[in-house]
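# Provided below are the primary sequence and the corresponding predicted coordinates.
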Amino acid sequence: MTKLAPTGHRKQRLLLWGRYTGASVVAAATSEVAILTAYGLGLTAFVASVIAFVSGAIPNYMLNRRWAWQQRGKADRKRETLPYVVIVVITALTAIGVTTLADHWAQAYLDSHLWRTVLVGAVYLGTYGCMFILKFVLFDRLIFVNRAARTPEATSPS
């Protein structure tokens, strides 16, 4: 008979993936509202993207650190905070660049500000969607690592 229920480790990984996904959805929704609002009100794609990034990055960090990876205590600046900032800034620069390019295209081919706003918002969200799995792997393997649990002493049978 095949065992369908996930093992303890697999169950923990599924729960982590679910919490990461939930945190990402909250951050993405926050960012998306910010970019649609800022761009819709007439700010440039660049400025709207920066506002969207900042508005989503803060809850994303807090939710990922405390809820998804359940890290407590003070963050290690070299091992956690700095690599996190580098990853999200690269993601932000990618999103800002792609949305700015989309805006330039939209300015040339779309007369409706509403449709330009929809396009820029979709491109911004799509960029973060493309980075979703890569960020999970980097967060899991580099940033929110439970170093004690991954040492050979902790994993070898006694």
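Noted; the coordinates are in hand.

# drop to CA atoms for contacts and neighbour counts, all remaining ones
Will do.

# quick one: contacts for A68?
Contacts of A68 were listed using CA atoms under 8 Å, 6 or more residues apart in numbering, and they are 16-20, 23.

# at 10 Å instead, please
By CA atoms under 10 Å, 6 or more residues apart in numbering, the contact set of A68 is 15-24, 61-62, 140, 144.

# a markdown table for these, including pLDDT, neighbour count and distance to P83?
Converted to a markdown table, those look like this (pLDDT from 0 to 100; neighbours: other CA atoms under 10 Å; distance: CA to CA, whole Å):
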| residue | pLDDT | neighbour count | distance to P83 |
| --- | --- | --- | --- |
| L15 | 93 | 14 | 24 |
| L16 | 92 | 19 | 20 |
| W17 | 92 | 17 | 20 |
| G18 | 94 | 13 | 22 |
| R19 | 94 | 18 | 20 |
| Y20 | 93 | 24 | 17 |
| T21 | 94 | 17 | 20 |
| G22 | 95 | 17 | 22 |
| A23 | 94 | 21 | 18 |
| S24 | 93 | 24 | 18 |
| Y61 | 88 | 19 | 12 |
| M62 | 89 | 13 | 15 |
| D140 | 89 | 17 | 12 |
| F144 | 84 | 21 | 10 |
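
# what strand or helix carries P59?
Here P59 is covered by helix 45-62, with elements defined by DSSP states H and E.

# on that earlier part again, which one of the contacts of A68 sits closest to V120?
Of all the contacts of A68, the one with the least separation from V120 (CA to CA) is S24, at 19.4 Å.
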